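*Asks:* Okay, predicted coordinates and the sequence, questions at the end:
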Amino acid sequence: MKDVAIIGLGPAGATLARLLAGMLDVVAFDKKAADPDAAGFRKPCGGLLAEDAQRSLSRQGLTLPKSVLADPQIFEVRTLDLCRRLERCYRRFYINMDRHKFDLWLQSLVPATVEIHNACTVKFFERADDAWRIHYYENGEKKTIEARYIVGADGAASLVRRTIAPDHKIRSYNAVQQWFKDESARGLYACFFDERLSDCYGWAVSKDGRVVFGAAFPPKNSKQAYDTLLARAREAGFSLGEPLATEACQVLRPERMDDFVLGNDDGVFLIGEAAGFISPSSLEGMSYALDSAEILAGTLLRENADLFEDYKKSTLKLRLKLLSKILKNPFMYNPVLRSFVMKSGIASIAVPARK
Ligand SMILES: Cc1cc2nc3c(=O)[nH]c(=O)nc-3n(C[C@H](O)[C@H](O)[C@H](O)COP(=O)(O)OP(=O)(O)OC[C@H]3O[C@@H](n4cnc5c(N)ncnc54)[C@H](O)[C@@H]3O)c2cc1C
């Protein structure tokens, strides 16, 4: 029997596996193939590493290899209000990455003492005496393994969260994005608001000769809304030809303290977006994935009598930080306030016109 079974090896799961390695007996499962060129699950993402995430990597003693970087690095975001035809540029300090390579790099840092199952899907788990029995599929075969603790690091549509809290509701969106050939001269980095289609936002980022254009929409008719947004971005002068690939997934947007699900006192814990840890203003989730994994590693290694209580207490600051992001929302998402801010030019910068 293992000590800990981690379901999901995105930034949250891979970080936890790395921090527990050698101290506890850990098994981890992920849908992604280990081979970077193999087909299989790839997390749809803007692939922008925010300053908070850069800080988390530094705190964990990690430096980013250039193999995960995407070209070019742009330090201003063109911000468009498509309803009011307003445009401004704002300084941003995100690192532009290839998200799939970033995930595989984080996984490569997990020491070999952790038993990793790639290209495999956990189907369900159940109580078996004083352990959890996990049922998973690997190479078309049905297998089981037992562990004392289960960690759901399985992202927005978390099986672990749905299993332990089946009635829990959290605001969620459909993120739809497509890849295009990059026809811009200097690369694109833009963000779009159009409250006729979504009360969230859209993005366009150049990456290694391609552009990813996407947005988060309320779940109903999201593909239709995406097509309309794309048409409006083209009208606004964005040269996006025929799509090369389409991807979509759920993305969470917490609104209140109750939205976060941390696990239960029966040995189940949630980290990263599975727990609801993602910024409701920017949808930035990687720093919270890294931070919550670090917090849970601390809890599990403390051997405190009440681990769940310890994890709850230790994540309070992180949860308050996430809720404080809601204060920023009106300036981004309230059309009147946003247009006031954009028209005023506050914090905007002038950049040379470019196509
Ligand atoms: C379109 C889009 C764009 C985004 N852009 C950004 C951005 O630019 N910057 C940023 O910081 N954040 C961004 N986010 C948010 C960010 O991607 C997530 O918050 C972050 O990935 C959460 O990390 P995680 O490790 O918790 O979960 P994930 O990264 O979602 O990882 C979950 C892992 O679990 C695995 N998994 C799931 N279910 C199972 C199962 N049953 N069995 C086995 N494995 C399973 C998956 O294979 C996956 O690898 C974006 C989100 C979306 C949807």
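*Replies:* Thanks, I have it. Numbering: from 1, shown residues only.

*Asks:* mind listing what Gly140 touches?
*Replies:* With Cβ atoms under 8 Å, 6 or more residues apart in numbering as the criterion, no residue contacts Gly140. (C-beta placed from N, C-alpha, C; glycine too.)

*Asks:* Quick check on it: phi, psi?
*Replies:* Backbone torsions of Gly140, given as degrees, to the nearest 10, read phi 70, psi 0.

*Asks:* Begin at 27, not 1, for the rest of this chat.
*Replies:* Got it, first residue is 27 now, which makes that one Gly166.

*Asks:* do you know how far it is from Ser365?
*Replies:* 55 Å (Cβ to Cβ, to the nearest Å).

*Asks:* what ranges do the helices span in the stretch 227-376 of the chain?
*Replies:* 248-261, 312-328, 333-340, 342-350, 355-359, 361-370 (DSSP state H, counting those that start in this stretch).

*Asks:* Kindly report the same for the stretch 27-176 of the chain.
*Replies:* Going by DSSP H, counting those that start in this stretch, the stretch 27-176 of the chain shows helices at 37-46, 77-85, 125-134.

*Asks:* Just the angle for the longest strand belonging to the chain relative to helix 333-340, thanks.
*Replies:* Using DSSP state E, we find that the single longest strand of the chain is strand 167-178. Angle, strand 167-178 to helix 333-340, by axes from the mean of the first three to the mean of the last three Cα atoms, to 10 degrees: 50 degrees.

*Asks:* how far off helix 37-46 does strand 167-178 point, in degrees?
*Replies:* 80 degrees.

*Asks:* list the helices and strands the helix or strand of the chain with the lowest mean pLDDT packs on?
*Replies:* Taking mean pLDDT, DSSP states H and E as the measure, helix 355-359 is the helix or strand of the chain with the lowest mean score, a mean of 86. Under the contact definition 3 or more Cβ pairs under 8 Å, 6 or more residues apart in numbering; DSSP states H and E, helix 355-359 sits against helix 361-370.

*Asks:* Work out the gap between the helix it packs on and the centre of the chain.
*Replies:* Centre-to-centre, helix 361-370 and its host chain are 28 Å apart (Cα atoms, centre = their mean, to the nearest Å).

*Asks:* residues in contact with that helix?
*Replies:* 105, 107, 109-110, 112-114, 219, 221, 356-358, 373-374.

*Asks:* circling back to that earlier point, in a markdown table: the helices of the stretch 27-176 of the chain, plus mean neighbour count, mean pLDDT and distance to Leu348.
*Replies:* Converted to a markdown table, those look like this (neighbours: other Cβ atoms under 10 Å; pLDDT from 0 to 100; distance: least, Cβ to Cβ, whole Å):
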| stretch | mean neighbour count | mean pLDDT | distance to Leu348 |
| --- | --- | --- | --- |
| helix 37-46 | 28 | 98 | 14 |
| helix 77-85 | 16 | 98 | 11 |
| helix 125-134 | 20 | 98 | 21 |
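
*Asks:* mind checking which of those helices is nearest the ligand?
*Replies:* helix 37-46 (3.4 Å; Cβ to the nearest ligand atom).

*Asks:* Could I get the CA-only coordinates of that closest one as CSV?
*Replies:* Provided in CSV are the C-alpha atoms of helix 37-46 (Å, rounded to 0.1, in the frame of the first residue of the first chain):
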residue,chain,number,x,y,z
PRO,A,37,1.8,21.9,-12.2
ALA,A,38,0.1,21.1,-8.9
GLY,A,39,0.5,17.3,-8.9
ALA,A,40,4.0,17.3,-10.3
THR,A,41,5.1,19.8,-7.6
LEU,A,42,3.6,17.8,-4.8
ALA,A,43,5.2,14.6,-6.1
ARG,A,44,8.6,16.3,-6.3
LEU,A,45,8.3,17.7,-2.7
LEU,A,46,7.1,14.4,-1.2
